[in-house]
Each structure stands twice: as structure tokens, then as C-alpha cells.
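Enquirer: The following block contains a protein sequence and its predicted model.
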Number of protein chains: 2
Amino acid sequence: MSINQICMISVNKTELPRTQSLEWYERATKVIPGGTYGHTSPAATLPYYFPYYVDRAEGCYLWDVDGNRYLDFMCAYGPVILGHRHPEVEAAADAERKKGGLYSHPTTVMVELAELLVARIDFADWCVFGKNGSDMTTWSLQVARQATGKKKVLVIKGAYHGVDAWTNPSPGGIIEEDRSHVHTFKWNDIQSLRETASAHKGEVAAIMVTPFHHPAFGANQMPETAFVEAVNDLCEKESIVLIMDDIRAGFRISDNGSHGLFGWKPDLSCYCKAIGNGYPVSVTVGKEHLKDAGGKVFLTGSYWNDGIALAACKKCLEIIKDQSVPEKLANVGQSLLDGLAKAAKANDVKIRCHGPTATPIISFDNDPDLRKMQRFSEFSAINGVLFHPHHNWFMSLAHNEEAIREAVEVAEKAFCAMKEEEI
Amino acid sequence: MSINQICMISVNKTELPRTQSLEWYERATKVIPGGTYGHTSPAATLPYYFPYYVDRAEGCYLWDVDGNRYLDFMCAYGPVILGHRHPEVEAAADAERKKGGLYSHPTTVMVELAELLVARIDFADWCVFGKNGSDMTTWSLQVARQATGKKKVLVIKGAYHGVDAWTNPSPGGIIEEDRSHVHTFKWNDIQSLRETASAHKGEVAAIMVTPFHHPAFGANQMPETAFVEAVNDLCEKESIVLIMDDIRAGFRISDNGSHGLFGWKPDLSCYCKAIGNGYPVSVTVGKEHLKDAGGKVFLTGSYWNDGIALAACKKCLEIIKDQSVPEKLANVGQSLLDGLAKAAKANDVKIRCHGPTATPIISFDNDPDLRKMQRFSEFSAINGVLFHPHHNWFMSLAHNEEAIREAVEVAEKAFCAMKEEEI
């Protein structure tokens, strides 16, 4: 088959069945604002040919309500690290489910999981659990405030730390008091860090950073060593609590938290997503000197003793280490990026590849409004591969070399079609 | 057996096996601040003989890690409405779990559940889902702020609306700005309502109330009709959003939300707990005029598309209506209170019974420091029944007349022992 024939397939295959997705969306908009909400909304600048409603998933594939099969590089925006329906995690969850799951009291799996995390993460002396990532970033800030008696938190401009009022990226429903003690500095910019810290000297409870910068609508940015050291030093010198928001990448790029890979020295780290392979759980781990403060910031929730999610989390973290999952994700992600680079080059399309390769993304040269990225994503979706247009992708243990070949073949069609369209 | 013999049994049966609970607690305190946290902590003024860690549960019974069996009137602090491990809910959750559970996109069960809620709840035109109850009370306040352009929220003194900073009952980690627009008025006190509203006239976005007042460390208090009308009228007259926090009792005392039982006319209602029989899900429903504002307050979370919890919720709500669960809970709760009243009277112990009978609690006369209540709770726990000392209890569909007989027999031992001790 010639390249032109490949292109024809991808360009003309716009008759992807969509009836069910559209019908459900029509029904949904009547009873849910916007049909769905948040970053999964069809309105959230996703290509039209992304599915709206999913029926089922297995391994690295999912099927939408029209029966279309997709190779899934979104993995539920991060939680699915071992592949959908990983049998060992499902068995662990099921065993707990058969005992009951939720009681007025915790189960021993909470204690065992806490012991695992404290043993695994170098600086961790204790931990607590929540349901959402935001539960933990917000609680960590409160612990820092309790411990220091100070109010302010410094964060990276453009970083996302959850949906809670102090950090929600949208202005809807937010009042100025929600953010009156939140101040920003620029990623990898030591001068900006020092200026912001200096402007609020003696008032800063915490600095919150992600291990690497992963803004929406932008490529991942690794931290420079000098920047990491400057943040570490400032926190130590001024007794500022360093909070690592490791929710996006935690346990995907290292089996013991991402901070060590870059030299961060956090006092608290927040995890979520990949730790439970889809079961709802989030964690904060902390250093001994904050344990007392941690005990003083009231933390509870209707479902936080949920043994099912905690059992799934424990099994998932065991597999991540025992099967060297981060290394495997890095390798398979590298294969994907290598394949995409080669396919782009063969079609004279100029792309850049961004890591960490376990959470990769590409960008197109001269694509300020992300039009090329959007088109690439759309072409790929039509041909059965979900590459998100403006959020990093996620590799899972279920993404094998066969899946990568399929993804690269589809990407090649997309690059070829884009060349034909002269996008 | 004479009454004195009954008393001897309960007083002397303090050799309840506790080894495992204590050992696990010892381990837990090393890796979790306080061993556990929140209202389930052993430190949270629960009797010593309450279990610390639960192994399993079935129906209305649970077994702790020492193998002690308890008749459970806590039901995970509310979520377990149909009894632990209700087969139909488990089957619905399992069917969704076998399809996958969590994806980057929602499932159709989210739409079907939204349709069910909108059809069921008289004023509801739309809904959204979260994980924690707090997710929804906080989001509702933000929707009110978005819709009105105003900042302030009026709440009942002593009411609990979750763990988020603006309403967290503990001062730990909270800064004054978190609560600078939160003002309180007194339950069932129209003058207090008017004074508070008047002091902030033109600045109030929302009034948030529970359908009846259920403070910790106090008896339930039903609303007076005139108070409900005064709140309704004020909200209507001044375009204040009336938010019903129906998280504690929602779908336990009525199959379509608790507001209608008391005449409340909410614009938004928040539900959690009983809607999922233990699976983690929370809901806000709203009126049409707030749908646009609802779409503008960014709402997302790592696990909010979780089809397992949504499927469990849908099935649970269906059973609640189809099997007239609120009526059955009211009846069995009444049987319990009748039995307790009779047993108390037989022992010359003066108690009062408080409803709604589906979420009952008793109080002792002349018990200002709750010492009697604590002792009653402890005696009962030693004999295998969990009556919480300062939080309303929860009936479930699994509590049958046999369970009530057992509970009353144990309570009679407790009353008798208290009489002997002259507490």
C-alpha cells in the first residue's frame, strides 16, 4: 500500500459510528450541566471524534458506546497504570469487597498500606488517605499552616493542584479570599522564586511543586538541578514546608515517588491516580516533624475507610515494585516516541517528543494554537488511537510492542494526512 | 434469670477480646497520625470497648479483628442503608466492575443515574456527582456565589457541612480567610435568622441548612414549620440560594430527598452516604435557574467517572423506592426506640427517644456531660451492640425484628448495670 493510499483511508474514514455517543450526550445535557463536567467534557476542547461515553475496557483498549475500539493512551487520565482490569488488583479488591468494604471503622489493610508506603518512600514517616487528589493537596497545605502558624503558599504559575477553591484553574464561583494567600513564581526560574519568597518573607507556610512541570496545553518541563536545590535550600533555611504534588506522575516514573529522581527534598508528598489502578484513593505521606500537625488537621470523609480501594492500592503498589513497572513504562513509552519520531520524519512533519517517556507527549513545530496537535489527535481517534491533544499521555503495563506498532501505524496515517492537507 | 443476674453478666463481661484491635492500633499509631483519623478515631471519645479495626460485615452485623461480633447501628456512619453486602447492589457494582470501572470518559450509567435523580426529586432539573459529601457542599456554595455574584453563606450554629476549610469543625490548619464570609444563626430561631441576614443584607449568596438539625453531642432537632417558612421566604425574597445539606439523612427518611417532609424549598440539595450503600459517591441536584452557573464552576476529580460507584448508587436508589425502605427503616427504628423506652422504664432509668426513627438516638435525663450515654454505649458494646454515644444511629434494611430483640436485651442489661452502679 502506498503512502497516498494510507492517507486516503485516514482522511475518508470520517464515518466513524457516533450515533450512540451523540444520543447519550443529548440525553445527558438535559440532566447534567454541559452533559458531563470537568476535563472529560466533550466541550473541553477534545476532538469531535473522541468518544463521549465508554462501554468497557480491557488491558490497553477501550470500547465506546458505538462499539468503536480505541487503543487507550489516556488510562483514565492517569489512574490505570497496570492496564484496565488487571487481574491481581481486581482479585485484591474483590477479596475485600466480599468481606464488606465500608464500615464505621478502618480495616487492617489501611495499616498495612500505611506501613508499605512508609517503608517504600525514603522520607516518609507516616501517611493518611483520602479519595480525591484535591483532598490531599488541600489537607497538606493546612498541615503546613498548622505546623508553621503562617498562611501563605507559593506555587508555580500554571500548575494544577486540584479543583479546590485555592487552586481551581477556573474563576467560576471563586472569591478573592480563597486565593488571598496564594502566590506564584515561575518554573525553573530561581530569581522569580527568590523575589516571590522575599516579598512574603516570614509569612510562607508552604511551597507546593510538582516533581516536573506538566501544564495543560503545554509540554512537560523537567526541573533544572539548580532550581530544585534553590527550592530545597529556601525551604530548609526559612522553615517552609515543601509539599510535593506527585499526583500526576507518582509511582509511574519511580516505584517510590518521583521526588528522588530530581533531587527534591519534600516534607509532604501527595499521591493519587496510579496508586490504585482506578480504585478511588489518595495519599499524603509526611516527615516525622509534621506528624503532630497532621494529627491536628481534622480529616475525614464518608468513604475514607473504604477497604476495597485501599486493598487495590496495596496490591497495585506491590506490583509496581515487584514487576519494575516504571522501567517498563519508560521503555514502552520510549518505543512509542521513537516510532512517532520516525513516522513524522518519513512524512516531513516536524515534531518534538517530550518525556518522561512513561507520561509522554509530542508537540508540533510552529503550532502556537495547537491546531496541528488537535488535527493529529482527531485523525488518530478516527483510526482507533486516543492521543490527547493537550494533556500528557499515559503508558500502562498493558501497552505491549504490538500496541505500539498499531499506534505508530495510525500516527503515520495521521502525519501523512496532515501533510496532504498541508496543515 | 433475675435482673441482677443479667446485670452481673454485663458488668463482668469486660474480658472482651481486644488483643488484635490493640496490636493493630499500636502498629497504626507508628505510621498514621493518631492511628486513624477523623470521627472514626479511637481517640474521638468513643468507648474503650468499641472495636478499632473491622474484619468483615454481613447484613446488620460486623466482626472486629478479634472475632467479636457486633450488631451494627452505625452502618459506616450512614452509607450502609440496605445492610452490609446487599446482593443486588453488589451485583450491580460487579457488573460494572467486570466492564472496567474507570475510564477517561463517563459511562452511560452516569446519565441514567442523573435521569433517575431528576425524575425522583421534585425540584431537581439537573445533577452532578462527586466522591465526598464535602465535594458537594463546597461546590454548591461556589455555584451560589457564581449565580449571585455574592460571597456570604449563612449556616446554622453547630451544623456540620463537611471537612472543607470553610466549615471544618476543627480549627487545625484553618485561617481566618477560609471563614470570613461564613456567618451563623440559630436553629429554629427566626429572630436569629433575620438578624444575621439583616447584618449582611445584599451580600448573601446562600443559606445552607440540614433538613433537621443533627449536631454532634446533641439530640436531633426537627425544624418548626414557621422556621422553615421563614428561611424559604427570605431566600425567595432576597434571591438567596437555599442549599439543603441532606447528606446525613437523604434517602433514609424519604425516597425522594428529605426536604419535602419538612416543607423546605431548596435550590440545590447535596446527597451522599445512603445513596450508594457504601460505594463512594456524592451528588448535588439543582433547579434549572442554576444550571448555567453549575456549568461554570469547574468540577472534576480523578475518580468521578467511576462507573462502579454510580452503578451501585443507581441500584441502591431503585431498591430504596421499590422496597419502601424509608418506611421500613422508620418502623424498625420505632420498634427499637419502643423497646429501649420499655427497658429503661423497667430499670427506673430515665431516657428520651429522638427521631427520625430511621436515624434514632436516645438521651439520658440529667446527663450534661454525656457520662451516662457513654457508659450505656460501653456496656452495650461489651455485649455486642454498637450504639454510638454522641452521634445519631442508623437503621438499615437488614435490621429485622430479631436484631431489635437482641439490641433491646443488651440495652436492658446496660440500663440494669447503670442502675446498679447508680450512674
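Expert: Happy to help now that I have it. Numbers count the residues shown, from 1 in each chain, chains lettered A, B, ... in the order given.
Enquirer: where exactly do the strands run in chain A?
Expert: A:54-58, A:61-64, A:69-72, A:126-130, A:152-156, A:182-185, A:204-209, A:241-245, A:268-271, A:282-286, A:351-354, A:361-364, A:385-386 (DSSP state E).
Enquirer: could you list every residue that touches the residue positioned nearest the centre of chain A?
Expert: When Cα atoms, centre = their mean is applied to chain A, the residue found nearest the centroid is residue A:248 (3.0 Å). Neighbouring residues of residue A:248 by Cβ atoms under 8 Å, 6 or more residues apart in numbering or on different chains: A:78, A:210, A:214, A:273, A:359, A:392. The way it works is simple: take the backbone N, C-alpha and C, and place the C-beta from them, glycine included.
Enquirer: what number of residues lie near the closest residue to the second one other than its chain neighbours?
Expert: Leaving aside its chain neighbours, residue A:210 sits nearest to residue A:245 (5.0 Å; criterion: Cβ to Cβ, 6 or more residues apart in numbering or on different chains). Neighbour count for residue A:245, taken as other Cβ atoms under 10 Å in any protein chain shown: 28.
Enquirer: I figured residue A:245 was touching residue A:270, is that so?
Expert: Yes. With contact defined as Cβ atoms under 8 Å, residue A:245 counts as touching residue A:270 (5.3 Å).
Enquirer: do you know how far residue A:90 is from chain B?
Expert: 7 Å (Cβ to the nearest Cβ, to the nearest Å).
Enquirer: Residue A:103 too?
Expert: For residue A:103 relative to chain B (Cβ to the nearest Cβ), the value is 4 Å.
Enquirer: repeat for residue A:58
Expert: Using Cβ to the nearest Cβ, we find residue A:58 at a distance of 7 Å from chain B.
Enquirer: mind showing which ranges of the stretch 1-150 of chain A have poor pLDDT?
Expert: By pLDDT under 70, the low-scoring segments of the stretch 1-150 of chain A are A:1-15, A:39-44.
Enquirer: OK, contacts around the residue nearest to residue A:210?
Expert: Contacts of residue A:245 (Cβ under 8 Å, 6+ apart): A:133, A:137, A:159, A:161, A:208-210, A:270.
Enquirer: can you do 7 Å?
Expert: A:137, A:161, A:208-210, A:270 (Cβ atoms under 7 Å, 6 or more residues apart in numbering or on different chains).
Enquirer: just residue A:59 next, same as before
Expert: Taking Cβ under 7 Å, 6+ apart, we find residue A:59 in contact with A:83-84, A:398.
Enquirer: what about 6 Å?
Expert: Residue A:59 makes contact with A:83, A:398 under the criterion Cβ atoms under 6 Å, 6 or more residues apart in numbering or on different chains.
Enquirer: Over to residue A:300?
Expert: Counting by Cβ under 6 Å, 6+ apart, the residues that residue A:300 touches are B:38-39, B:163.
Enquirer: can you pull the contacts of residue A:278?
Expert: Residue A:278 neighbours (Cβ under 6 Å, 6+ apart): A:76, A:79-80, B:101-102.
Enquirer: which parts of the stretch 201-350 of chain A sit against chain B?
Expert: A:272-273, A:278, A:280, A:291, A:294-303 (Cβ under 6 Å from any Cβ of the partner chain).
Enquirer: Would you point out the most distant pair within these?
Expert: A:278 and A:296 (32.5 Å; Cβ to Cβ).
Enquirer: How many residues are close by residue A:270?
Expert: Neighbours of residue A:270 (other Cβ under 10 Å): 30.
Enquirer: I'd assumed residue A:284 was in contact with it.
Expert: Yes. Using Cβ atoms under 6 Å, residue A:270 makes contact with residue A:284 at a distance of 5.2 Å.
Enquirer: Which residues are in contact with each of the two?
Expert: Shared contacts of residue A:270 and residue A:284, counting by Cβ under 6 Å, 6+ apart, come down to A:136, A:140.
Enquirer: Buried ones in stretch A:407-414, by neighbour count?
Expert: By neighbour count with 16 or more other Cβ atoms under 10 Å in any protein chain shown, stretch A:407-414 contains the buried residues A:407-408, A:410-414.
Enquirer: Tell me which residues are up against that stretch.
Expert: Contacts of stretch A:407-414 (Cβ under 6 Å, 6+ apart): A:6, A:10, A:71, A:339-340, A:343, A:376, A:379-380, A:383, A:385.
Enquirer: ok, of the contacts of residue A:300, which one's closest to residue A:55?
Expert: Closest approach between the contacts of residue A:300 and residue A:55, by Cβ to Cβ: residue B:163, at 35.0 Å.
Enquirer: ok, the closest one to chain A distance?
Expert: Taking Cβ to the nearest Cβ, one finds residue B:163 at 6 Å from chain A.
Enquirer: List the contacts of that residue.
Expert: Counted by Cβ under 6 Å, 6+ apart, residue B:163 has contacts A:300, B:134.
Enquirer: pLDDT score for it?
Expert: Residue B:163 carries a pLDDT score of 93 in this model.
Enquirer: what's the distance between it and residue B:216?
Expert: Distance, residue B:163 to residue B:216, using Cβ to Cβ, to the nearest Å: 13 Å.
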